[in-house]
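Participant: pasting the sequence and the predicted model now:
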Amino acid sequence: MAFPQIALAQLRQGRGLKSPGFSVIQFLEGVVDEMNSPTDEQAALIKLTMEGKAMSYPDRYDQENMLNLHKAKMYLEMALGLLR
């Protein structure tokens, strides 16, 4: 058997890389729900931040943190879309 067939057989057997269980997917959905959605003002600041506009310190730390939270939520949503 060639390695591509072996790789797919291992996937089907649950060896190596495998899909997470239903409870893990539910947990990730809960995480996304817990993160909530940005307010209109927060969404506007996220947009400005993505355009490269930065506030002065110390507000810049919170601005960057908000952008990072937004990105994390987007990536989690993308991951859930791939896993469903």
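Facilitator: Alright, I've got the coordinates. Numbers count the residues shown, from 1 in each chain.
Participant: give me the nearest residue to L76, chain neighbours excluded.
Facilitator: Excluding the flanking residues, the one nearest L76 by Cβ to Cβ, 6 or more residues apart in numbering is V32, at 5.2 Å. For every residue, glycine as well, the C-beta is placed using N, CA and C.
Participant: quick one: contacts for the one you found?
Facilitator: Residues near V32 by Cβ atoms under 8 Å, 6 or more residues apart in numbering: 73, 76-77, 80.
Participant: got a markdown table for those, with distance to R60 and neighbour count too?
Facilitator: Below are the contacts of V32 laid out as a markdown table (distance: Cβ to Cβ, whole Å; neighbours: other Cβ atoms under 10 Å):
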| residue | distance to R60 | neighbour count |
| --- | --- | --- |
| K73 | 20 | 17 |
| L76 | 24 | 15 |
| E77 | 26 | 14 |
| L80 | 30 | 14 |
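Participant: list the buried ones in stretch 25-36?
Facilitator: 28, 32 (16 or more other Cβ atoms under 10 Å).
Participant: that stretch: how far from the chain's middle?
Facilitator: Per Cα atoms, centre = their mean, to the nearest Å, the displacement of stretch 25-36 from the mean C-alpha position of its chain is 10 Å.
Participant: regarding K53, what is its secondary structure?
Facilitator: Under DSSP: H, G, I helix; E, B strand; the rest coil, K53 falls in the coil class.
Participant: contacts for the longest helix along the chain next, please.
Facilitator: The residue-count maximum for a helix in the chain (DSSP state H) belongs to helix 59-83. Contacts with helix 59-83, where a contact means Cβ under 8 Å, 6+ apart, come from 19-20, 25, 28-29, 31-32, 35, 38, 42, 45-46, 49-50, 54-55.
Participant: please save the CA atoms from whichever helix or strand Q26 is part of in PDB.
Facilitator: Secondary structure assignment for Q26, by DSSP states H and E: helix 22-35. The C-alpha trace of helix 22-35 is given here as PDB (Å, rounded to 0.1, in the frame of the first residue of the first chain):
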ATOM      1  CA  PHE A  22     -18.700  16.600  20.200                       C
ATOM      2  CA  SER A  23     -18.100  17.900  23.800                       C
ATOM      3  CA  VAL A  24     -14.900  19.700  22.700                       C
ATOM      4  CA  ILE A  25     -16.800  21.400  19.900                       C
ATOM      5  CA  GLN A  26     -19.500  22.400  22.300                       C
ATOM      6  CA  PHE A  27     -16.900  23.800  24.700                       C
ATOM      7  CA  LEU A  28     -15.300  25.900  21.900                       C
ATOM      8  CA  GLU A  29     -18.800  27.200  20.900                       C
ATOM      9  CA  GLY A  30     -19.200  28.200  24.600                       C
ATOM     10  CA  VAL A  31     -15.900  30.100  24.500                       C
ATOM     11  CA  VAL A  32     -17.000  32.000  21.400                       C
ATOM     12  CA  ASP A  33     -20.400  32.800  23.000                       C
ATOM     13  CA  GLU A  34     -18.600  33.900  26.200                       C
ATOM     14  CA  MET A  35     -16.500  36.400  24.200                       C
END
